[in-house]
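Visitor: here is a sequence together with a model predicted from it:
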Amino acid sequence: MEAIFKIPAAAKESRHQVDDYECIILGGPVWAQNISLPIRAFIKRDSEKFERLALFCTEYGEGGEKMLGKAAKPSGNEPIATMVLTEPDIQSDLLDQKVDAFVKTVAAPMEKNL
Ligand SMILES: Cc1cc2nc3c(=O)[nH]c(=O)nc-3n(C[C@H](O)[C@H](O)[C@H](O)COP(=O)(O)O)c2cc1C
């Protein structure tokens, strides 16, 4: 019910300083075609401190693409990489392919700085 009505969840206090990191990678399940509530709360609270954001989600099969498009909006910046993993992906070779592509895209800007 909370997911359907987008009732905010309290984000736990971070054990890490978000602004110490070059890229924040957030992921979680799709709930009622929405981002999960703890992730939503985290983005809302800390997004101004994100240098780069990458997002992924797991889903049974519906809502992830739309959800990732909306999820980054409070941060005001586009995610540098997104990935939707469906249940059939996880049962197939697509899992490795998608994860490899996501990791390469996330790592690319950091490799330039080495
Ligand atoms: C309350 C709830 C709502 C969900 N809504 C969706 C949905 O809209 N679309 C979808 O594809 N999967 C939906 N799912 C399935 C989850 O996305 C899927 O179980 C999850 O990605 C797998 O991660 P987990 O093992 O952490 O649950 C929902 C699951 C729950 C519990």
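Guide: Thanks, I have the structure now. Numbering: from 1, shown residues only.
Visitor: the helix or strand harbouring Leu68 vs the ligand: in contact?
Guide: Assigned by DSSP states H and E, Leu68 belongs to helix 64-71. No - using C-beta under 6 Å from any ligand atom, helix 64-71 never reaches the ligand; the gap is at least 6.6 Å. From N, CA and C alone the C-beta is placed, and that goes for glycine too.
Visitor: buried stuff in that helix?
Guide: By neighbour count on 16 or more other C-beta atoms under 10 Å, the buried set for helix 64-71 is 64, 67-68, 71.
Visitor: and which of the residues you listed is nearest Tyr21?
Guide: Ala71 (18.1 Å; C-beta to C-beta).
Visitor: and this protein, which of its residues are near the ligand?
Guide: Proximity of the chain to the ligand, by C-beta under 6 Å from any ligand atom, involves residues 3, 29-33, 58-63.
Visitor: the spatially most central residue of the chain and Ser36, how far apart?
Guide: With distances taken as C-alpha atoms, centre = their mean, the residue of the chain nearest its centroid is Leu55 (2.4 Å). Going from Leu55 to Ser36 by C-beta to C-beta, to the nearest Å gives 12 Å.
Visitor: same check, this time on Lys49
Guide: Taking C-beta to C-beta, one finds Lys49 at 20 Å from Ser36.
Visitor: and these two? which has more neighbours close in?
Guide: Using other C-beta atoms under 10 Å as the criterion, Lys49 and Ser36 rank with Ser36 on top: 22 against 14.
Visitor: which phi and psi values does that one adopt?
Guide: Phi and psi for Ser36, reported as degrees, to the nearest 10, are phi -70, psi 150.
Visitor: ok, the closest residue to it other than its chain neighbours - contacts?
Guide: The shortest distance from Ser36 to any residue other than its chain neighbours is 4.2 Å, reached at Gly28 (C-beta to C-beta, 6 or more residues apart in numbering). Going by C-beta atoms under 8 Å, 6 or more residues apart in numbering, Gly28 touches 35-36, 38-39, 57-58.
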